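**Student:** what's the 3D shape of this:
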Amino acid sequence: MFVASLSLPPSIMRPRPQKRASVSLRMLTAWLAAGAFLLALFPVLRGGVALGATVPFWLVAAPAINLAWFTRDRIASRVVRVLRRFRRPVAGQARRLQSRGHADKSSR
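**Tutor:** Take a look at the predicted model:
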């Protein structure tokens, strides 16, 4: 399913045309929505001994994985932004911690 290796640098990979990428994102989103709708509407498609788990995979999991692959740059930037918010101390907390440290040293 994955054509490109995860370890290729961006300079080697050809940039995809923006229009083609947006069309494929729309198609994958429609495929995912239609697959989820079909699985909800027809419980027989969810799998069993005869079908295995291939039908739910191709209707829901495959387009979800491909959407995540195509939007991996956007997802990575959002994850980095969220992690930076958690790592950055609030300005007031940093000042209070510094003032406590100075007060403890002066009382000794």
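
**Student:** In the protein, which helix is the longest?
**Tutor:** helix 18-41 (DSSP state H).

**Student:** What average pLDDT does that one get?
**Tutor:** Per-region confidence: helix 18-41 scores 87 on mean pLDDT.

**Student:** Just list what it packs against, helices and strands only.
**Tutor:** helix 62-70 (3 or more Cβ pairs under 8 Å, 6 or more residues apart in numbering; DSSP states H and E). Quick note: C-beta positions are derived from backbone N, CA and C, even for glycine.

**Student:** which residues touch the longest helix of the chain?
**Tutor:** Residues outside helix 18-41 that contact it (Cβ atoms under 8 Å, 6 or more residues apart in numbering) are 45-46, 56, 58-60, 63-64, 66-67, 70-71.

**Student:** of those residues, buried ones?
**Tutor:** Among the contacts of helix 18-41, those buried by neighbour count (16 or more other Cβ atoms under 10 Å) are 56, 59-60, 63-64, 66-67, 70.

**Student:** Now distance to residue 28 too, for those, in CSV please.
**Tutor:** Converted to CSV, these look like this (distance: Cβ to Cβ, whole Å):
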residue, distance to residue 28
56, 16
59, 12
60, 11
63, 5
64, 9
66, 5
67, 5
70, 7
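
**Student:** Adding pLDDT, write the contacts of helix 18-41 out as JSON lines.
**Tutor:** Formatted as JSON lines, the contacts of helix 18-41 follow (pLDDT from 0 to 100):
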{"residue": "45", "pLDDT": "80"}
{"residue": "46", "pLDDT": "79"}
{"residue": "56", "pLDDT": "87"}
{"residue": "58", "pLDDT": "88"}
{"residue": "59", "pLDDT": "90"}
{"residue": "60", "pLDDT": "91"}
{"residue": "63", "pLDDT": "94"}
{"residue": "64", "pLDDT": "94"}
{"residue": "66", "pLDDT": "93"}
{"residue": "67", "pLDDT": "93"}
{"residue": "70", "pLDDT": "89"}
{"residue": "71", "pLDDT": "90"}
